[in-house]
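output the structure for:
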Amino acid sequence: MKATRQLKDEHVGVLLMLRILGEVSRQLQAEGHMENEHFESILEFLKVFVDKCHHGKEEELLFPALTHVGIPQDGPIAVMLFEHEMGRKYIRVITDAFERYKLKDASAASTIAQNVSDYIELLTDHIDKENNILFAMADDRLTEKTQEELFEGFEKIETARIGTGKHQEFHDLLHRLSDIYLKGK
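Numbers count the residues shown, from 1 in each chain. Just a heads-up that it's a prediction; the model follows:
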């Protein structure tokens, strides 16, 4: 499998989780409450799978490989890195607001909702740019051998960052929360 194919496949799961997150946020705004356990699981997915694992693969292996084949560090790669940092900031604000929400802080729900909306918009646009621009550049410039080496490196990062079996747990979480929040949508 091409390394870029794996990243695109992961994007499918990330986009699904963003839809779930949007529904949870909508529910919070409409009804004034949400299932804390579900939200904690979503945050874990975003912090561990999206940031540590997926972004780790890109930042530690893919982006340096692209720089090596002539894609300038200060071009599209810089944009992707900036957006990764923006996403991390949104997640920190959401996490802090969620802690306040659990303590019954009345202002926390609106902070969560606004930052969730901004995060979803950022990541959706970010994924579109990666899938349709950056990964196309990678597929044009990276050899089959380099793609295979990246894929092997990605597997090592995944094992080191999330551990054996956790990937499947995240897939199960996606299915379970989809059934709850996206049924019929």
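
ok, now how distant is the residue nearest the centre of the chain from Thr143?
For the chain, the residue nearest the mean C-alpha position is Val50 (3.3 Å; Cα atoms, centre = their mean). Separation of Val50 from Thr143 (Cβ to Cβ, to the nearest Å): 28 Å. In short, each C-beta sits where N, CA and C put it, glycine included.

ditto for Gln168
From Gln168 to Thr143 the distance is 31 Å (Cβ to Cβ).

do the same with Leu122
Distance from Leu122 to Thr143, by Cβ to Cβ: 32 Å.

grab the nearest non-local neighbour of Gly56.
Among residues not flanking Gly56 along the chain, Ile157 sits closest, at 5.3 Å (Cβ to Cβ, 6 or more residues apart in numbering).

give the contact list for the one you found.
Going by Cβ atoms under 8 Å, 6 or more residues apart in numbering, Ile157 touches 53, 56-57, 60-61.

quick one: buried ones out of the residues you listed?
For the contacts of Ile157, a burial check counting by 16 or more other Cβ atoms under 10 Å picks out 53, 56-57, 61.

ok, the residues you listed vs Pro72, which is closest?
Lowest distance from Pro72 to the buried ones among the contacts of Ile157 (Cβ to Cβ) belongs to Leu61, with 17.8 Å.
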